[in-house]
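A.B. asks: build me a model:
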Amino acid sequence: MGRGLFISLEGSDGSGKSTQMDLIKAYLSDRGLDPVITREPGGTVIGEKIRELVLSKKYSEMDDRTEALLYAAARSQHVAEIIKPALEQGAVVLCDRFIDSSIVYQGYGRKLGEPVKMINEFAVAGCMPDKTFFFKIDPGVGRSRIRAENRDRLECEEMEFYREVLKGYKELEKRYPDRIIGIDAAGSIEAVHSEVRRHLDDILRERYDV
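C.D. replies: Model (predicted):
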């Protein structure tokens, strides 16, 4: 059995990734594929514990480097325990956020730069997405979609932080055009999903002839 298909979903907070994840899952299931659905940080018992730490507003004193290292640690466990074994069994893996999130949130947003890329390349040990859907939206619009009382520690950052995050995503999109597929996330849920389906059909034809 050949390696499965690894698709990650990326975008600023409020870009609609979670909604599209559910729709993509249903779309793939209708075509006889049963995707493994997971998220970052999280996906494993260890990863979910780390998620509680990095996203909780209780830990406002967390150092930026500590944050970056915790994300990388959660990702390493996620790859070893969930993603790599699923791909080795030929499964389709759908992941809400992956390495690109660390590069843009900690590398660009926190201004930690190249070391973030290095520690995460070590964490994933060569396990990279085949395709990444990048949901593009103005940071102000995305933020307005999240009620203030529901925002986590990172979602409480200032707009300048999110402008840097978006800048990072756009630079990665240019750097990896064969992997990263930019999707305009400003439209309706149906319009966004229609564009996603168009690209999914191409991916599935190439990989599975379905």
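A.B. asks: quick one, phi psi at Ala186?
C.D. replies: Dihedral pair for Ala186: phi -80, psi -20, per degrees, to the nearest 10.
A.B. asks: for it, which non-adjacent residue is spatially closest?
C.D. replies: Leaving aside its sequence neighbours, Ala186 sits nearest to Ile137 (CB to CB, 6 or more residues apart in numbering; 5.6 Å). For every residue, glycine as well, the C-beta is placed using N, CA and C.
A.B. asks: distance check, Glu40 against Glu157.
C.D. replies: 18 Å (CB to CB, to the nearest Å).
A.B. asks: between these two, which is the more surrounded one?
C.D. replies: Neighbours were counted for Glu40 and for Glu157 using other CB atoms under 10 Å; Glu40 has more, 22 against 18.
A.B. asks: didn't the more buried one look like it was pressed against Asp100?
C.D. replies: No - using CB atoms under 8 Å, Glu40 is not in contact with Asp100, being 10.2 Å away.
A.B. asks: so for the longest helix seen in the chain, what gets flagged as buried?
C.D. replies: Longest helix of the chain, by residue count under DSSP state H: helix 189-208. For helix 189-208, burial by neighbour count (16 or more other CB atoms under 10 Å) applies to 192-193, 195-196, 200, 204.
A.B. asks: circling back: wait, what's in contact with the residue nearest to Ala186?
C.D. replies: By CB atoms under 8 Å, 6 or more residues apart in numbering, the contact set of Ile137 is 11-12, 14-16, 185-186.
A.B. asks: count the residues that sit near the closest residue to Ala125 other than its chain neighbours.
C.D. replies: Leaving out its chain neighbours, the residue that sits closest to Ala125 by CB to CB, 6+ apart is Val79, at 6.5 Å. Val79 sits with 24 neighbouring residues when counted by other CB under 10 Å.
A.B. asks: for Val79, give me its contacts.
C.D. replies: 123-125, 127.
A.B. asks: low-confidence ranges, this protein, go.
C.D. replies: Where the chain drops to pLDDT under 70, the residues are 1-2, 140-150, 152-153, 155-156, 209-210.
A.B. asks: who touches the most centrally placed residue in it in this structure?
C.D. replies: The C-alpha lying nearest the average C-alpha coordinate of the chain belongs to Arg97 (CA atoms, centre = their mean; 1.4 Å). Counting by CB under 8 Å, 6+ apart, Arg97 touches 8-10, 17, 39-41.
A.B. asks: now the strands for the chain?
C.D. replies: Counting by DSSP state E, the chain has strands at residues 5-11, 36-39, 92-96, 131-136, 180-184.
A.B. asks: adding mean neighbour count, write those out as CSV.
C.D. replies: Below are the strands of the chain laid out as CSV (neighbours: other CB atoms under 10 Å):
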stretch, mean neighbour count
strand 5-11, 25
strand 36-39, 19
strand 92-96, 24
strand 131-136, 22
strand 180-184, 19
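A.B. asks: between these, which one is nearest to Lys58?
C.D. replies: strand 36-39 (20.9 Å; CB to CB).
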